[in-house]
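**Q** Just to be clear, the model below is a prediction. Sequence and coordinates:
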Amino acid sequence: MTSQDFVRQSNGLQESTGRSFAIWRTLHIDPHLLVGIVSICCFGLMVLFSASDGDEAVVRRQAITMLVGVVVMFVVAQFNVHFYRRWAPSIYAAGIALLGVVLAIGVEANGAKSWLDLPGLPSFQPSEIMKFIVPMLLAWYLASRPMPPRSKHLFWSAAMILLPAGLIVAQNDMGTAMMVSMSGIFVVLLAGIRWKIVVGGVIAVLMASPAWFIFLAKDHQKNRILTFVDPYRDPTGAGYNIIQSQIAIGSGGVYGKGYGNGAQSHLDFIPESNTDFILAVLAEEFGLLGILFLIALYLFVLLRGCYIAYQATDMFSRLLAGSITLTFFFYVFVNMGMVSGILPVIGLPLPLMSRGGTSVVTLFVGFGLLMSIQTHGRVRLN
């Protein structure tokens, strides 16, 4: 092969690659992020099949939910990031209205009145979508104001977070309320809040925690905290889940017992084995290597999200993309922490691995927003 032939082949390869990326950009899909998401979904379906004792109906429903999520992600990505900035207040108001409707006519499930079951529509959980609506509104509010945020801006930001969080707490869903609050807090942190305010806020929370525990916490919340400190205080009751989960994780060792051979899950020692505690099934059957593989997939998605936030050309996009990425990280961290026993059990699923409906679809809403920022955000908003 002559040097001229090599150059022609190289140019042809570059043109082909350029055309491929142009097609993805025309579809407003980020191929790197899509590969990471699909990889986690496929791995999740495989683990879910084992965690559900080979129940094909469960896996089929999850696969359909994921396909619906992909469609939703594609639709969300088609709208320019300008659109979301312009309509952020209206979207937030609609979300608050839905939370109010849930309090009035919502359906209770697992102790939380957080579901809407309207005639002709599948039941859904409006509080889940607030994990992206709240940071969208805060990004809209803070992006057009001086950085770092001033005291009055922090006050109104706190109000925007506390209103939906309070409504969700009233639904008796502390886990989702925490996630919604953190998604908004991430925006404030990314906006450049001074460290002395952050430290002061952390100290204030720590000092107020004992008073909350004594006077405000409900019995089941107190029980969760006490069980976190010592799960063996009630090994057959409140501490049962975490004890069995730790046994499953430890018995998996480095290489695991093999796919479908997890005793803790298949003998029904692990409650919620295909939802909140699916990580214990993965650890028992695939061992440490399986956990590291999943963490690597999560890191790929997280790093791509960080890259999209870094490349964003306006403050609104940067704050929103950063918050979505950090919220996804927080989701993963909290679930892994509670399953392994280093955090209290608060009932959060493992993203794209645990069986779910609304929670899965709303994750794809976040991915769609990231793709919109990446593929549309080439013109500065201001």
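**A** Received, thanks. Residues are numbered from 1 along each chain as shown.

**Q** the strands in the stretch 1-150 of the chain, which residues?
**A** Using DSSP state E, counting those that start in this stretch, the strands found in the stretch 1-150 of the chain span residues 107-109, 112-115.

**Q** hey, which of the ones you listed is tucked in deepest?
**A** strand 112-115 (a mean of 21; mean count of other C-beta atoms under 10 Å). C-beta coordinates here come from the backbone N, C-alpha and C atoms, glycine included.

**Q** Who does that strand pair with, and is each partner parallel or antiparallel?
**A** Applying DSSP bridges, strand 112-115 is found paired with strand 107-109 (antiparallel).

**Q** How far off centre is the strand it pairs with?
**A** 22 Å (C-alpha atoms, centre = their mean, to the nearest Å).

**Q** I'd like the average pLDDT over that strand.
**A** Taken as a whole, strand 107-109 has a mean pLDDT of 79.

**Q** what does that strand rub up against?
**A** Here strand 107-109 makes contact (C-beta atoms under 8 Å, 6 or more residues apart in numbering) with 113, 115-117, 123.

**Q** Ok, which of the strands of the stretch 1-150 of the chain comes nearest residue 275?
**A** Closest of the strands of the stretch 1-150 of the chain to residue 275 is strand 107-109, at 12.3 Å (criterion: C-beta to C-beta).

**Q** Secondary structure of residue 286: a helix, I assume?
**A** Yes. Under DSSP: H, G, I helix; E, B strand; the rest coil, residue 286 sits within a helix.

**Q** which ones are touching the closest residue to residue 33 other than its chain neighbours?
**A** In space, and not counting its chain neighbours, residue 33 is closest to residue 304: 4.9 Å by C-beta to C-beta, 6 or more residues apart in numbering. Each residue near residue 304 by C-beta under 8 Å, 6+ apart is listed here: 30, 32-33, 36.

**Q** what about residue 304, which helix or strand?
**A** For residue 304, the element it lies in under DSSP states H and E is helix 278-311.

**Q** low-scoring stretches of the stretch 101-250 of the chain, by residue?
**A** Across the stretch 101-250 of the chain, the ranges flagged by pLDDT under 70 are 110, 120-121.

**Q** for it, what spans make up the helices?
**A** In the stretch 101-250 of the chain, the helices defined using DSSP state H, counting those that start in this stretch lie at 126-143, 151-170, 174-190, 195-211, 219-229, 240-252.

**Q** if we compare the ones you listed, which one ends up closest to residue 104?
**A** For residue 104, the closest of those is helix 151-170, at 11.2 Å, according to C-beta to C-beta.

**Q** in the closest one, what counts as buried?
**A** Buried positions in helix 151-170, judged by neighbour count with 16 or more other C-beta atoms under 10 Å: 153-154, 157-158, 160-161, 164-165, 167-169.
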